[in-house]
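**Student:** give me coordinates for this.
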Amino acid sequence: MGIGGKKVLVCSCEATMPLDGNALAKACDVKGTVAVHHHLCRTELDRFHDAAAGDTSLLIACTQEQPLFAELLATNGNASAASFANIRERALWSEEAADALPKVAALLTEAALDIPAAPSLTLRSSGLCIVYGRDEVALEAAHQLNLRLDVTLLLSRPAEIIPPNVMDIPIFRGTVMSARGHLGAFELTVDDYARSAASSRHTLTFEAATGKVVRQCDLILDLSGDAALFPSADRRDGYFRPDPKNPAAVQRALFDLVDLVGEFEKPRYIAFDAALCAYSRSRKIGCTRCLDICPASAITPDGDHVAIDPYLCGGCGACHSVCPTGAATYAMPPHAVAARLRTLLLTYHAAGGTPPVLFIHDPREGEALIAAMARFGRGLPARVLPFALNEVTQIGFDTLALAFAYGAAQAVILASPKKRDELGALASQMNLATAMLEGLGFGTGRLHLLVEADPEAVETALYELPKPAPIPAAQFLAMGETRGLTRLALVHLGKVAPTPRETLPLPSGAPFGSVAIDVASCTLCLACVGACPTGALQDNPDRPQLRIQENACVQCGLCKATCPEKVITLEPRLNFIAAAASAILLKEEEPFNCINCGKPFGTKSSVDRILEQLAGKHSMFQGADRVRLIQMCQDCRVIVQMENVRHPFAGAPRPRPRTTDDDLRERDAAKREDDQV
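**Tutor:** Below you'll find the model as predicted:
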């Protein structure tokens, strides 16, 4: 059997999984049958060698023996990359295995997709390590590391320590006041810095302190027991902070540290497009969602947009989940997640599955819990489709909307209790999705967050889930940018909703909505149009108008912050009518015509407002002639002013040349005077 151009190898794992080759081929919508092996990794290895001959791409339905199969492929010279799918713990080691065929088909089809790798950047470490602590634990750790790394021991408020007989590592006293940087480029500001005294006898003593110093290093082992030197410390590459009272944790950190010498590839988790960022315009602050939730402090203001330091980014994806414009996106392209969702859910539906539950988890704690449930419990229910993401905190409203649009009846998100402090953004996105689903009449109980590390508790929660009505699945392709895909999902959900709505109010902070204008007070200055980063607010080059294209509005608030009359109010909502994709008129006025040439150049309300503010009140507009300048277009204003002002470089008037006509005219005038006498 082949899926997506890949030859599929399926094994029943010594007949512990019920597999029917003909039924599986039909569920996967492929011709022929599937050869079901029973001991592919041992007694049937010859069959694997036959299947792997040449450059055929393989999809192997086993992850336990992945290292063995990868080694055999390399030995056979098969240069084609193999994909692996776990249908054992995730589907068939379950008390509902007999009903899990649609899930198996969905998992295999999803695994056959070619997912692009995330881009990466290079970190370099020469092994310069600072061990920061207080007592003998730090000293012993420094001695162990010194065998492989270039170690310096820094003691803060040191306890009584017996001086080492051989000073094989430099020892200093000091307290870290601030720290910054990343693997290969840390920088510590240390106060009360002093070198250990060579004459230390009973206890370690120190020379006179030199005040504050700055020290650089590649790696940090923090055994001080104090607060972490960095926010979201567990995501800071090169910084280790085990509990100094836990010897096993300290030893694990030492094992990890000694391997961090050389060059390392770090994923560039977030792709950022500054042109789409709605942080600021003209020194007015708009959207700050990513700044407010980044746990690693990797995002900082940078002019009219923000900057994301990829070296500090820990990959939680919270900025992606809350970014309303798509400026910050997870490095795996958004359409890749959408394509996985579409393939998984649509294949499951086509194979006859009952209304599915999308079980979103990370590939670390989540996979371990699934394995524990499969080995020691009831396993996953047949209708629960596991869906692994690098971090569950990368989930935003867009991902949830797509999941329900592609036919998920429910979604359960599993988060580790260790990440409890990072779940604020995820909770807000789930609240938006819940408001959308309930507002459209899909009912309650569609979306759940499990913050749990006990496999038995997770298993119980999954089996006790209610079974709401199914949601008809959409068929649209998973192509395009994040907001466009989200809009397609919302259009579909609006069409199949039990309670169709033209507009649906959303909680404050939602990335969808419109603006309300106090029409009487608006002067159509159009400052809001210039500030709008998405083009949602528009003018009309032919008439004084203010219009809005609602499906482009991200509720960043820049228009409200920029408006000089303070007449704009944000209205977070979803608009399901087709007109939301077109520009809708908010206000229109007749143009004001120049009093000198008659050309339209503004609106009556704006000119009247300027007259009210300046006429007779500003030194430049005291006389009637000066006030009239306000009512002129820019061309006439210049012409009128220049007509009444003598050129500053003009010389004295030149005398008029005297001609014969002048003599004759004077003679005639004198003769007339004589005749009158």
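
**Student:** how close does the most centrally placed residue in the chain sit to S605?
**Tutor:** Closest residue to the average C-alpha location of the chain: H320 at 1.4 Å, with Cα atoms, centre = their mean. Separation of H320 from S605 (Cβ to Cβ, to the nearest Å) stands at 42 Å. For every residue, glycine as well, the C-beta is placed using N, CA and C.

**Student:** now the residue nearest to the centre of the chain: which helix or strand?
**Tutor:** Assigned by DSSP states H and E, H320 belongs to helix 318-322.

**Student:** distance from the next helix or strand after that helix to the middle of the chain?
**Tutor:** Helices and strands here follow DSSP H and E; after helix 318-322, the next one along the chain is strand 328-330. Centroid separation for strand 328-330 versus its chain: 4 Å, with Cα atoms, centre = their mean, to the nearest Å.

**Student:** what pairs with strand 328-330, parallel or antiparallel?
**Tutor:** Sheet pairing of strand 328-330 (DSSP bridges) gives strand 270-272 (antiparallel).

**Student:** show the contacting residues for A298.
**Tutor:** 308-310, 312-314 (Cβ atoms under 8 Å, 6 or more residues apart in numbering).

**Student:** P417 too?
**Tutor:** Neighbours of P417 in contact, by Cβ under 8 Å, 6+ apart: 451-453.

**Student:** mind putting these into JSON lines with neighbour count?
**Tutor:** Shown next, in JSON lines, are the contacts of P417 (neighbours: other Cβ atoms under 10 Å):
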{"residue": "V451", "neighbour count": "13"}
{"residue": "E452", "neighbour count": "17"}
{"residue": "A453", "neighbour count": "15"}
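
**Student:** strands - which of those land there?
**Tutor:** Among the contacts of P417, the ones falling in strands (DSSP state E) are V451.

**Student:** in PyMOL, how would I select the buried members of the contacts of A298?
**Tutor:** Restricted to buried positions by 16 or more other Cβ atoms under 10 Å, the PyMOL selection for the contacts of A298 reads:
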select buried, resi 308+310+312+313+314
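
**Student:** just to be sure, L426 is in a strand?
**Tutor:** No. Counting by DSSP: H, G, I helix; E, B strand; the rest coil, L426 is not found in a strand; it is helix.

**Student:** which one is it nearest to, not counting chain neighbours?
**Tutor:** Take L426 and drop its neighbours on the chain: the residue closest to it by Cβ to Cβ, 6 or more residues apart in numbering is T393, 5.4 Å away.

**Student:** got the contact list for that neighbour?
**Tutor:** 316-318, 321, 415, 419, 422-423, 425-426 are the contacts of T393 under Cβ under 8 Å, 6+ apart.

**Student:** now swap in G225 and tell me
**Tutor:** Shown in contact with G225 (Cβ under 8 Å, 6+ apart): 133-134, 243-245.

**Student:** sec struct for it, please.
**Tutor:** Criterion first, three-state DSSP; result for G225: coil.

**Student:** do E187 as well
**Tutor:** From three-state DSSP, the assignment for E187 is strand.

**Student:** touching, it and R215? I think so.
**Tutor:** Yes. Using Cβ atoms under 8 Å, E187 makes contact with R215 at a distance of 7.4 Å.

**Student:** looking at these two, which is more packed in?
**Tutor:** Between E187 and R215, R215 has the larger neighbour count (other Cβ atoms under 10 Å), namely 18 against 12.

**Student:** tell me how far that one lies from N246.
**Tutor:** For R215, the distance to N246 (Cβ to Cβ) stands at 27 Å.

**Student:** what do you get for E207?
**Tutor:** For E207 relative to N246 (Cβ to Cβ), the value is 33 Å.

**Student:** repeat for A339
**Tutor:** Separation of A339 from N246 (Cβ to Cβ): 43 Å.

**Student:** cool, and F48?
**Tutor:** Note on F48: its distance to N246, by Cβ to Cβ, is 43 Å.

**Student:** coming back round to it: is it possible to mark the buried ones in the contacts of G225?
**Tutor:** Looks like the contacts of G225 have 133-134, 244 buried, using 16+ other Cβ under 10 Å.

**Student:** got those as CSV, with distance to F512, secondary structure and pLDDT columns?
**Tutor:** Below are these laid out as CSV (distance: Cβ to Cβ, whole Å; DSSP: H, G, I helix; E, B strand; the rest coil; pLDDT from 0 to 100):
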residue, distance to F512, secondary structure, pLDDT
G133, 51, strand, 97
R134, 52, coil, 95
P244, 49, coil, 96
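
**Student:** S514: which of the residues you listed is nearest?
**Tutor:** P244 (55.6 Å; Cβ to Cβ).

**Student:** correct me, but the closest one touches D226?
**Tutor:** No. The pair P244 / D226 is not scored as a contact, 10.2 Å apart, by Cβ under 8 Å.

**Student:** what segments of the stretch 501-650 of the chain are helices?
**Tutor:** Assigned by DSSP state H, counting those that start in this stretch, the stretch 501-650 of the chain shows helices spanning 527-531, 558-562, 604-614, 624-630, 634-643.

**Student:** out of those helices, nearest to G286?
**Tutor:** helix 558-562 (3.5 Å).

**Student:** what's near enough to touch L153?
**Tutor:** 130-131, 133, 138-139, 142, 169-172.

**Student:** name the element it belongs to?
**Tutor:** Short version, using DSSP H and E: L153 is in strand 150-155.

**Student:** helix or strand right after that strand?
**Tutor:** strand 171-182.

**Student:** paired strands for that next one, with orientation please.
**Tutor:** Partners of strand 171-182 in its sheet, by DSSP bridges: strand 150-155 (parallel), strand 185-195 (antiparallel).

**Student:** next secondary structure after the longest one?
**Tutor:** Using DSSP H and E, the next helix or strand after strand 185-195 towards the C-terminus is strand 213-217.

**Student:** who does that next one pair up with?
**Tutor:** Strand 213-217 sits in its sheet next to strand 185-195 (antiparallel), going by DSSP bridges.

**Student:** what about V529, how many neighbours?
**Tutor:** 18.

**Student:** show me the contacts for it.
**Tutor:** Contacts of V529 by Cβ under 8 Å, 6+ apart are 537-539, 546.

**Student:** mind doing that once more with 7 Å?
**Tutor:** Residues in contact with V529 (Cβ atoms under 7 Å, 6 or more residues apart in numbering) are 537-539.

**Student:** go on, K587?
**Tutor:** For K587, counting by Cβ under 7 Å, 6+ apart, the contacting residues are 517, 519, 522, 524, 546.

**Student:** give me the pLDDT for it.
**Tutor:** K587 carries a pLDDT value of 93.

**Student:** which strand residues bridge it?
**Tutor:** Beta bridges link K587 to L546 when assigned by DSSP bridges.

**Student:** about what we covered before: what's the PyMOL syntax to select whichever of the contacts of L153 are buried?
**Tutor:** For the buried members of those, the matching PyMOL selection, counting by 16+ other Cβ under 10 Å, is:
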select buried, resi 130+131+133+138+139+142+169+171+172
